[in-house]
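Asks: Mind looking at a prediction? Sequence and model below.
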Amino acid sequence: MIKRRTRNLSVTTALAIFAGAAQADLPAREPGEPTVTVTYQNGQITMRDILDQTPLVMPRPNMPMYAPVPNGLMPTISFVEQPTGYDMVFDFRNNFTDPRPLGVISINTVTLGPVVNAPDFRFSGQDREITLDNPPAWTHNYPGLLYSPAFVMHNDRHAIGVSLHYPILEYKHDISIALRARTSGPPSQGEGGPGFQVRFNLSSATDGGAGLLYPALLQPGESRRYIVSVRMTRTTHEWIRTLVPYRTYFQNLYGRVQYPRQRDAVRVHVVAATHNISSENPFGFDFRRPDRNGFSRMVTDLLNLQNFGRFMIWSPTGVYNNEHNYPFQFTSRWTEDPNLMTIFDTRNGLPRLSSEGRNVGLWWGNAGKFAATWNPTHLEGFNPRNSLHVERAFHEVDLAVGSGARVIGLDTFGHRSIPTWDAYPWLQRMRARYPDVKFVMEPKAIDIMHTIAAGYFRGYELPASGVATSRSDVHALDSPHYLADFLVPGHETWANMRWEMYTSLFGSPATVEEMQRDVYEAAELGYIPLISNIFEFDPNRTIAAESWLFTVPEDLRQEAANSGFVGNVPRLGRDRASQPQRPRIQDVIRSSGGSSPPAAQAPTAPKVVVGPGPGGRIVGTPTTSGQTVGGTTIDR
């Protein structure tokens, strides 16, 4: 056995007095036999495979582990050897009289050869090939695009994972992770040859770093600690093993999933859209016109959708006549119109859906922002310390819960609208006030937020290159959500399944067979299909898999901390042939005396899917086929 080795690597005389503190509470040595040899010399780390001394992380001249920025602080660095890698501990203290920025932490140089694969943590974690000959300009932020502050790369022999541990809710700043290829000059020379550098940029002022909304800035007298863990595994398809230190740190701070997981598909229903706005219809309601007729017709139509046990309803109070949709006032405008107040009626409103076993959700427009009035001239970031913002927000959600909603969608609830260190305690406050309500946030949740809210993915978007040459190129769901499975087993993650890109990019709409295939595959990967289009499908095949049972190695697998269940889907487990067939939604519309849905009248026309269906053709209507609202699509 190799004994635990620690060294204090003081890089600034001003902070030398903190060397003793840096030695205290260092990461404990992990169990297991060593798989690597790690040494520190002259401010550089060398890591090799213990079996054959293959170089894995090699020193290079003029490439320090930490680089300061102008007027920035220098840390005391401590080194802890681990059986499968090492930890670096960076302790900062500001002894100056003014705030000071922090710099760049680097892992130099990872020598896995000219071609590696890297799981893409902006999305689900599917491998992306990266080459030294044509390296990407890869710099992404956390919180923001990245699910976690981690990076992994592997070849066919070794996987190396790097993660940064810092209490973001306390420190309240972003970081960016940059990948840089070192292919020329001294940084590319030496044992192992050219390779990759992984950089954690803590401040906007860092050389080559992306601009950060909230850079690291240490106030006078403050101290902070950051830990970087580097781990190696030879089982490259189980690269998730290299992130065990991060999982331990993460779950110790934030716990595990804190909401029940429901596994069945969700039906999208959009009540209003901007292309419907006219002098006779100022709020853009669909042809059912709840502002004239109440919500009875909508409720009846939803009940006649046989394959769904739960619904998410967008724009239930109408839409703004400007670019600031969806409305923050997603319920309060009901109280201004007696016809809209029928939403609360036990026979004709949302309570009827609940009484018949359906789960009802309402989408809260711009929940991460604040609009003081209807048709606002501008939106401001939601501030949970502003009493007016909080009072108005609680009023909206009080009405939603009073109507029977048990799921609230949080529109534009990302880090750019409301910083994570504000969003997390605010959402916890709402969860305490509404303990029977689940929240689902858009855009996609980062790891911390995923413990207390369901996540959201777009099922379709252009690839990173911006160019799609085939339909498969726009499939965003090409793997299970590896990091969520590992960090938050039992997570609920919705996938918005929409197919407009098929028509806009390739000239033909999705067929029923393609839509069926896509929602089945999404569920098999562990996602909850969020479905806008009307088409026939087998609801048993849209039940989301418990994906962590096959993505996480057995010895690392954790039981889900919640109880997953399938909602009340009318057809589930029944013999379809023996069941009376309810009429299709189009037949319900016709028989109720309504006209066919109006055609789109704006440049943002909906993409209508036409295909074969039982008893004829299935035609998506503007209210349910993924129309554009407010100039942007549902999954902004």
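Replies: Yep, it's here.
Asks: Which residue ranges of the stretch 151-300 of the chain form helices?
Replies: 168-171, 244-254, 290-293, 296-303 (DSSP state H, counting those that start in this stretch).
Asks: Likewise for the chain?
Replies: 19-23, 168-171, 244-254, 290-293, 296-303, 350-355, 387-402, 420-433, 447-450, 482-487, 500-506, 512-524, 548-551, 585-591 (DSSP state H).
Asks: now, of these, which is deepest in the fold?
Replies: helix 482-487 (a mean of 26; mean count of other Cβ atoms under 10 Å). Heads up, the C-betas are built off the backbone N, CA and C, glycines and all.
Asks: and that helix, how far out from the chain's middle?
Replies: On the basis of Cα atoms, centre = their mean, to the nearest Å, helix 482-487 is displaced by 12 Å from the centre of the chain it belongs to.
Asks: For that helix, give me every contacting residue.
Replies: 119, 121, 124-125, 147-148, 150, 240, 243, 246-247, 250-251, 447, 450, 455, 491, 493, 526, 547-548, 551-552, 556 (Cβ atoms under 8 Å, 6 or more residues apart in numbering).
Asks: switch the cut-off to 6 Å
Replies: 125, 147-148, 240, 247, 250, 447, 450, 491, 547-548, 551-552 (Cβ atoms under 6 Å, 6 or more residues apart in numbering).
Asks: Give me the residue at the spatial middle of this structure.
Replies: K444 (2.5 Å; Cα atoms, centre = their mean).
Asks: Pull up the gap between T542 and E536, please.
Replies: 12 Å (Cβ to Cβ, to the nearest Å).
Asks: Just want to know which of the two has more residues nearby.
Replies: T542 (26 against 15; other Cβ atoms under 10 Å).
Asks: and of the helices of the stretch 151-300 of the chain, who's closest to R231?
Replies: helix 244-254 (6.6 Å; Cβ to Cβ).
Asks: report the angle between the axes of that closest one and helix 420-433?
Replies: Between helix 244-254 and helix 420-433, the angle comes out at 50 degrees (axes from the mean of the first three to the mean of the last three Cα atoms, to 10 degrees).
Asks: leaving aside the residues next to it on the chain, what's closest to G526?
Replies: S547 (2.9 Å; Cβ to Cβ, 6 or more residues apart in numbering).
Asks: How many residues are close by R385?
Replies: Quick note: R385 (other Cβ under 10 Å) scores 8 neighbours.
Asks: Local confidence estimate at it?
Replies: pLDDT, R385: 97.
Asks: do the same with R582
Replies: For R582, the predicted pLDDT is 28.
Asks: Now do the contacts for the residue lying closest to P114 once chain neighbours are set aside.
Replies: Once flanking residues are discounted, P114 sits nearest to L132: 4.6 Å by Cβ to Cβ, 6+ apart. For L132, the contacting residues are P114, A181, T183, P194, by Cβ under 6 Å, 6+ apart.
Asks: Would you check how far apart L132 and G85 are?
Replies: On the measure of Cβ to Cβ, L132 and G85 end up 22 Å apart.
Asks: now swap in G144 and tell me
Replies: Where G85 is concerned, G144 sits at a distance of 27 Å (Cβ to Cβ).
Asks: what does N62 give?
Replies: Counting by Cβ to Cβ, the gap from N62 to G85 is 24 Å.
Asks: Check L305 too.
Replies: For L305, the distance to G85 - Cβ to Cβ - is 52 Å.
Asks: So for those two, which sits in the more crowded spot?
Replies: Counting neighbours by other Cβ under 10 Å for L305 and for G85 shows that G85 has the greater number, 26 against 20.
Asks: which residues touch the more buried one?
Replies: So G85 contacts V230, R231, M232 (Cβ under 6 Å, 6+ apart).
Asks: how about 7 Å then?
Replies: Going by Cβ atoms under 7 Å, 6 or more residues apart in numbering, G85 touches V36, V38, M47, S229, V230, R231, M232.
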